[in-house]
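Asks: Starting from these lines, generate the structure:
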Amino acid sequence: QVQLVESGGGSVQGGESLRLSCVASGYTYSIECMGWFRQAPGKEREEVALMYTQTGFTNYAASMKGRFTISQDKAKNTVYLHLTALGPEDTAVYYCAAATTLCVTRSFAYWGQGTQVTVSS
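Replies: Here you go, the predicted structure:
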């Protein structure tokens, strides 16, 4: 089992930045991929960014590439999501997830509780 705990969310003004953190515990050696997802009110959950933990290879949703950056600190079993140039459309609950197999959305078996990001204009 893998446990994930996110932090770093909050309320910010448009144009500001935030850094979200996700600490993994448990069978972390089994993790092949970490991802960040978000769900806005009344909308479906969407993928934000993925990272292969062994190679560091990353993939971003097209609408967020260039503004958001996923990174990791293996020594701390922590994955980060740096959000910049935030706008009201980025308001959502952001979730961290882990996959022990493929780095695709359907493979993420472990999820954190989510952290709220609210952006005002």
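
Asks: Quick check, central residue of the chain?
Replies: When the chain is reduced to its mean C-alpha position, the nearest residue by Cα atoms, centre = their mean turns out to be residue 36, at 2.3 Å.

Asks: C-terminal to the helix or strand encompassing that one, which secondary structure element comes first?
Replies: Element membership for residue 36, per DSSP states H and E: strand 33-39. Next helix or strand after strand 33-39 toward the C-terminus (DSSP H and E): strand 46-52.

Asks: now what about the helix or strand just after that following strand, what contacts it?
Replies: With elements assigned by DSSP H and E, the helix or strand that comes after strand 46-52 is strand 58-60. Contact partners of strand 58-60, identified using Cβ atoms under 8 Å, 6 or more residues apart in numbering, comprise 48-52, 68, 70, 103. Every C-beta, even on glycine, is put in place using the N, C-alpha and C of the backbone.

Asks: which one among the residues you listed gets closest to residue 13?
Replies: The closest of the contacts of strand 58-60 to residue 13 turns out to be residue 68 (Cβ to Cβ; 17.5 Å).
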